[in-house]
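Chemist: here's a sequence, model it:
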Amino acid sequence: MLIDGDRLIDVVNRNYQLKLIFHVSGDLPQSVPSGFEFMPVRHTGSGTVDQVNRDRFLSRVVVRSKGINLVEDDAGIRMDVSDSGEVSEATVKHVIEFCANVEGAVHVGKAQDSLERMLRFINKGQSWLITYMLKGIAEATFDGVSPLKDAVVERQSPWRRKPPKTSS
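Modeler: Modelled structure (predicted):
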């Protein structure tokens, strides 16, 4: 809906021309085990909130490695503590693509890059974090597109009242 070729959201919104705003958390990163920082997606009512358009929402960083080096071999992905590694950042778009393509078995095999290695490593050892990120992304998306959903439902509703005709 947000990232595929002809984005479904754009196809539907052509008729409505609504400015869609996504409300995301502006809170600081939270450290999680294994050397990662997690940036909450969904605004929970406490702390700060950022209002962003779709492109800024998709480019929002949700998890960052703190300079660890992940190595993939036949045994799987593991941390190599002998090297400081590079910093990798995954955005909302990366997490959506990872869950839809990599974990959805569209791409099978070894990780293609350090970003995919990081997401696979997190998913194997702390799958709750990927689930939590995806839940926040889904909730922020649902809220962000709700004005468009409401406009479509209103236009399509058989119960919608037509204004009375006035005589001139």
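
Chemist: mind pulling up the pLDDT for G67?
Modeler: You'll see G67 listed with a pLDDT of 68.

Chemist: buried residues, the helix ranked longest in the chain. List them.
Modeler: Longest helix in the chain by number of residues (criterion: DSSP state H): helix 127-156. By neighbour count on 16 or more other C-beta atoms under 10 Å, the buried set for helix 127-156 is 129-130, 132-134, 136-137, 140-141, 143-145, 148, 151. Placement of C-beta: from N, CA and C, glycine included.

Chemist: pull the helix or strand bottoming out on mean pLDDT in the chain out as CSV, backbone CA atoms only.
Modeler: Ranked by mean pLDDT, DSSP states H and E, the weakest helix or strand in the chain is strand 76-80, scoring a mean of 72. Output of strand 76-80 as CSV, limited to C-alpha atoms (Å, rounded to 0.1, in the frame of the first residue of the first chain):
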residue,chain,number,x,y,z
GLY,A,76,23.9,-18.5,10.6
ILE,A,77,24.4,-14.9,11.5
ARG,A,78,26.6,-14.1,14.5
MET,A,79,28.3,-11.2,16.1
ASP,A,80,32.0,-10.9,15.5
